[in-house]
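Engineer: Sharing a model that was predicted from the sequence below.
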Amino acid sequence: MHHASSDVRPFRFDRVFSNLHTTEPRNEAEMGVEAEEDEVVSELREAMARMARDHGDELARARADGFEAGLRHARGERDAAVLAALDAVHASFDDVDQRLVAAADGMTRDAANVALLIGEALAGHALAQDPGRAIDEALGRVLQQVARGTRLVIRVSPGIVGEVERLFALRQGKERRKLYVTVLPDPDMSHGDAVIAWDEGSLAIDSAARRAAVMAEMAPLLAGMPVAERVSAEEPAIEKEIDPARIA
């Protein structure tokens, strides 16, 4: 039998290897070109590095500029918001001031009305309610000053003669002494005015003068009141002594 392995022979490798690719010596021109190429590559690399640095610098500046612009914008919005808030606060203050002024005016008017009523009560009684009462009270004061038995003459407007006589009758009923009082109508007298005369003197009850005196005292408080409120109350009366020679 023939075996295939009997035909195999060992391959003898050379123990000496020769350089398959031999390098030919380069001339100076080729070396110069290669040097120039290396220089160009180096310059390109430097340019790329410089461009990268410039790009980084520009990017940093852009970021800084953007941050600064955003900060300015935010500050502008903040300032606008603060101004708007201040305007709102000032408007609120103005509204509060107006309300306080209105409230103060209202309280002043109320106080003036109360003070006017008190002044009228001190100065005399409202003529529309009791026109003869002030005259009767003045008569009582005159009777305290004159001697017993002094004759008195009371001149009043014709419209209140009956009321004055009625009040005098009530006073006479309370007095133990005899009172000599005569009530005479006088068309020249205003409603509520009167003149009480006797031999030694006289006393005039002038409603307009008393009203003027009260209003003069109330003028500081009534300065802010509407005209309609100033004249809403009835005029009280005032008393003043007059010359007896003026009494007919």
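Structural biologist: That came through fine.

Engineer: What are the boundaries of the strands in the chain?
Structural biologist: Assigned strands in the chain, in chain order: 151-156, 180-185, 194-198, 201-205, 239-241 (criterion: DSSP state E).

Engineer: which stretches of the chain have low pLDDT?
Structural biologist: 1-30, 32, 116, 119-129, 210-211, 214-215, 218-248 (pLDDT under 70).

Engineer: For Arg166, find the nearest of the strands of the chain.
Structural biologist: Comparing those against Arg166 with CB to CB, the closest turns out to be strand 180-185 (10.0 Å). Every C-beta, even on glycine, is put in place using the N, C-alpha and C of the backbone.

Engineer: Which positions within that closest one qualify as buried?
Structural biologist: Neighbour counts using 16 or more other CB atoms under 10 Å place 181, 183 of strand 180-185 among the buried residues.

Engineer: ok, the nearest residue to Arg155 once chain neighbours are set aside - contacts?
Structural biologist: The spatially closest residue to Arg155, leaving aside those adjacent along the chain, is Asp186, at 4.2 Å (CB to CB, 6 or more residues apart in numbering). Residues near Asp186 by CB atoms under 8 Å, 6 or more residues apart in numbering: 155-158, 195.

Engineer: and if we set it to 7 Å?
Structural biologist: Taking CB atoms under 7 Å, 6 or more residues apart in numbering as the criterion, Asp186 is in contact with 155-157.

Engineer: between these, which is nearest Ala112?
Structural biologist: Ser157 (30.5 Å).

Engineer: Please work out how many residues are found near the closest one.
Structural biologist: Other residues within reach of Ser157, judged by other CB atoms under 10 Å, total 18.

Engineer: One more: Gly159?
Structural biologist: For Gly159, the neighbour count with other CB under 10 Å is 13.

Engineer: Just confirm it contacts His191, I think it does.
Structural biologist: Yes - counting by CB atoms under 7 Å, Gly159 sits close enough to His191 to count as a contact (6.1 Å).

Engineer: how deep is Glu68 tucked in, by neighbour count?
Structural biologist: Summarising burial for Glu68: neighbours were counted as other CB under 10 Å, giving 10.

Engineer: Out of the strands of the chain, indicate the one that is most buried.
Structural biologist: Greatest average neighbour count among the strands of the chain goes to strand 194-198 (a mean of 23), per mean count of other CB atoms under 10 Å.

Engineer: before we move on, the earlier item: dump the contacts of Asp186 to CSV, plus distance to Glu58.
Structural biologist: Output for the contacts of Asp186, formatted as CSV (distance: CB to CB, whole Å):
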residue, distance to Glu58
Arg155, 112
Val156, 109
Ser157, 107
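
Engineer: Of those residues, just say which sits nearest to Arg171.
Structural biologist: The shortest gap between Arg171 and any of the contacts of Asp186 belongs to Val156, at 15.2 Å (CB to CB).

Engineer: Show the contacting residues for Ala194.
Structural biologist: Ala194 makes contacts with 135, 154-156, 205, as judged by CB under 7 Å, 6+ apart.

Engineer: Dump those residues into CSV; add distance to Ala64 as well.
Structural biologist: Compiled in CSV, those are given as follows (distance: CB to CB, whole Å):
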residue, distance to Ala64
Ile135, 98
Ile154, 104
Arg155, 104
Val156, 101
Ile205, 95
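
Engineer: Of those, which is the nearest to Ala88?
Structural biologist: Ile205 (61.1 Å).

Engineer: Helices along the protein, start to end?
Structural biologist: Listed in chain order, the helices of the chain (DSSP state H) span residues 28-123, 133-145, 161-174, 207-222, 227-230.

Engineer: right, and the ones you listed - which one's nearest Asp199?
Structural biologist: Closest approach to Asp199 among the helices of the chain (CB to CB): helix 133-145, 12.5 Å.

Engineer: Return the set of buried residues in the closest one.
Structural biologist: Of the residues in helix 133-145, those buried by neighbour count under the rule 16+ other CB under 10 Å are 133-139, 142-143.

Engineer: That's all I had, so thanks and see you.
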